[in-house]
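Trainee: Sharing a model that was predicted from the sequence below.
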Amino acid sequence: MLRHCSIQELLEVRSGEGSLGARTHVDECARCRDELDRIHQRVAALKALPSLNAPRDRWSVVRQSIVDQRRRIWLVRTGGVAAAAIALALGANGLLSWPAAAPEQSELEIQQLVTQAAQLDSQLVAVVSRPKVVNGLAAIAIVDLEDQISVVDNRIGLIDGRVLEALVARENSAAGRELDAHVLRMIAERGAVEQQLRQLLQERIILMDALVNTHNRRVVYVEH
Amino acid sequence: MSLAAVDDLAIQRAKSGDLEALERVYRAYEGLVYTLARRICRTAEDAEDVLQETFIEVCRSMKQFRGHGPGSLTAWIKRVAASKALMRVRYERYRVVDELHEDMGAAGVTDADTAMQLDLEKALARLSDTARAVVWLHDVEGYKHEEIAEVMGKTVSFSKSQLSRAHARLRMMLGEEA
C-alpha cells in the first residue's frame, strides 16, 4: 500500500480481518503502527471505565410486575376459559383418554376449588377498593402473602403449561402423529397431576383467605 | 451482591419462579445491566427504564432459559439488556444534544487517570446514539459486526462504518490527533 491506512482498515487489522496489503503496511509504517496502538489503548480505556450503579432500586417495580402478571393469568383462568381447559385436560369428556378413575368426582372437586378461589379474588378486589391505612406490619404481611400467592400461581401456571402441551399433542395425535413420551408419561401420571393441582388450589385458598383477612382487619380499624 | 451469588441452584430456583431467587438474580446483575444501558442510552432515566424492562423480561422468560450455568445466564441477560437499550435508542426521539451532560462534568477530578476517564466518558456521551451503541457493543461487550447488524436491524457494513466513525470522533475529542 502506498498510502496510510484508514481507521476502518486499522480496525480490521486489529480484529484479524485486515487485508494482506494493510497488514504489511502496518508492519512497515511507524505512523500507522502508532495509530493502531492508540486504538488498542482507547479500547482498553473504554473497558476500564468504572461500573455504574442505578440511582434508584427498581426491584419493587419488577417484582410487582411479575406478581401482577401471574395474577392476571390466574384471573383469566378463574374467568372460566382456563378453568374449563384444566377440567377438560384433566379427563372430563375423555379429551386425553386418561385412565378412568372417577374423573367426574375429580373434575367437580377441582371446579369447586377454582370457584372458591375466585370468590376470594372478588372479595379481595372489593376490600382493597375501600379506604385503607397501611401500617408497617400489615404492609410486610401483605407483601409476603402476595409473594406466596404469586409463587403458587406460577406453579399452577407450570401445570397449565403441561396441560397445554398435552392439548397440542392431542391435536397432533388426531392429525395422525404419535404422542411423544412426555405426554404419554403425563397421561400415566394423571392422578399425581390432579393431586398436585388440588394441593396448589387449596394452598392458594388458604393464602388468599389470609390476605383478605389482613386487608379486612385494616379496613375495620379505619372505619371505627 | 456479586455474580458468584447466582449458582446453578439459584438459577434452577429462579426458573421455577421463586421470587427470592429472581431477586437474587436482579441484585447480582443490576450493576452490569445498568452500566451497559447507561453507556448506550443518552440519559440516566432511559438507562433506568432499560434496567427495569430488562429484568421484567428476564423474570418472565426465565423458565424458557435453556443455557447452563452462570456464564450463559450472564450472556443471555446482557443480550436482553442490549436489545432493550437499542430499541430505546431506535425509537426514542432524542433531542439533539451537543453540550455535555451535567451529571458527567461536575464531579471532582482527583488524579490523571480519573481525568482521562472523565474525558473518555464525556467523549463517549457526545457520540451519536448509534455510534456510541456500536462502539460499546463491539469494543467492550465483544459483539461481532454481524451480531450488531442483526440486533440493530442494519447491515454489517453499517456497523463497521459506525465503529470507524466513532473511533475517528473519539480520537478527535480526546486530542489524539497525530
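Mentor: Nice, I can see it. None of these values were measured; they are calculated from a predicted model.
Trainee: what's near enough to touch whichever residue of chain B sits closest to chain A?
Mentor: Closest approach between chain B and chain A, counting by CB to the nearest CB: residue B:17, at 3.4 Å. In this view, the C-beta of every residue, glycine as well, is placed from N, C-alpha and C. Shown in contact with residue B:17 (CB atoms under 8 Å, 6 or more residues apart in numbering or on different chains): A:70, A:150-151, A:154-155, A:157-158, B:62-63.
Trainee: Closest one of the residues you listed to residue A:26?
Mentor: The closest of these to residue A:26 turns out to be residue B:62 (CB to CB; 46.3 Å).
Trainee: Quick check on the residue in chain A positioned nearest to chain B: phi, psi?
Mentor: Nearest to chain B, among the residues of chain A, is residue A:154, at 3.4 Å (CB to the nearest CB). Backbone torsions for residue A:154, taken as degrees, to the nearest 10, come to phi -60, psi -40.
Trainee: So the closest residue to it other than its chain neighbours, which state does it fall into?
Mentor: By the measure of CB to CB, 6 or more residues apart in numbering or on different chains, the closest residue to residue A:154 outside its immediate chain neighbours is residue B:17, 3.4 Å from it. Classification of residue B:17 by DSSP: H, G, I helix; E, B strand; the rest coil places it in coil.
Trainee: Per-residue pLDDT of residue B:17, please?
Mentor: If you check residue B:17, the pLDDT there is 83.
Trainee: what sits against the most centrally placed residue in chain B?
Mentor: For chain B, the residue nearest the mean C-alpha position is residue B:36 (1.9 Å; CA atoms, centre = their mean). The contact partners of residue B:36, taken as CB under 8 Å, 6+ apart, are B:78, B:81-82, B:85, B:136, B:141.
Trainee: Which of the residues you listed has the largest number of neighbours?
Mentor: Compared across the contacts of residue B:36, residue B:85 has the highest neighbour count, 29 neighbours, by other CB atoms under 10 Å in any protein chain shown.
Trainee: wait, isn't that residue in contact with residue B:34?
Mentor: No. Applying CB atoms under 8 Å as the test, residue B:85 and residue B:34 come out as separate, 10.4 Å apart.
Trainee: what touches both of the two?
Mentor: Shared contacts of residue B:85 and residue B:34, defined by CB under 8 Å, 6+ apart, comprise residue B:47.
Trainee: and the closest residue to residue A:156 other than its chain neighbours, what helix or strand is that in?
Mentor: Ranked by CB to CB, 6+ apart and with sequence neighbours excluded, the top spatial neighbour of residue A:156 is residue A:200, at 5.1 Å. Assessed by DSSP states H and E, residue A:200 sits inside helix A:190-223.
Trainee: With residue B:23 instead?
Mentor: Assessed by DSSP H and E, residue B:23 sits inside helix B:19-40.
Trainee: and after that helix, which helix or strand comes next?
Mentor: Next helix or strand after helix B:19-40 toward the C-terminus (DSSP H and E): helix B:44-61.
Trainee: remind me which residues of chain B are low pLDDT?
Mentor: Across chain B, the ranges flagged by pLDDT under 70 are B:1-4, B:91-118, B:177-178.
Trainee: All the strands of it, in order from the start?
Mentor: Assigned strands in chain B: none (criterion: DSSP state E).
Trainee: Break it down into its domains, please.
Mentor: Domain ranges of chain B: B:1-98, B:108-178, per automatic domain parsing.
Trainee: Next, format these as TSV and append distance to residue A:53.
Mentor: Converted to TSV, the domains of chain B look like this (distance: least, CB to CB, whole Å):
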stretch	distance to residue A:53
domain B:1-98	6
domain B:108-178	15
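Trainee: Residue A:206: which of those is closest?
Mentor: That would be domain B:1-98 among these, by CB to CB, at 18.4 Å.
Trainee: Tell me the buried residues in the helix holding residue A:200?
Mentor: A:190, A:193-194, A:197, A:200-201, A:203-205, A:207-212, A:214-215, A:218-219 (16 or more other CB atoms under 10 Å in any protein chain shown).
Trainee: Could you name the helices and strands sitting against it?
Mentor: Secondary-structure packing of helix A:190-223 (3 or more CB pairs under 8 Å, 6 or more residues apart in numbering or on different chains; DSSP states H and E): helix A:103-128, helix A:136-174.
Trainee: With residue A:70 as the reference, measure out to residue A:201.
Mentor: Taking CB to CB, to the nearest Å as the measure, residue A:201 falls 15 Å from residue A:70.
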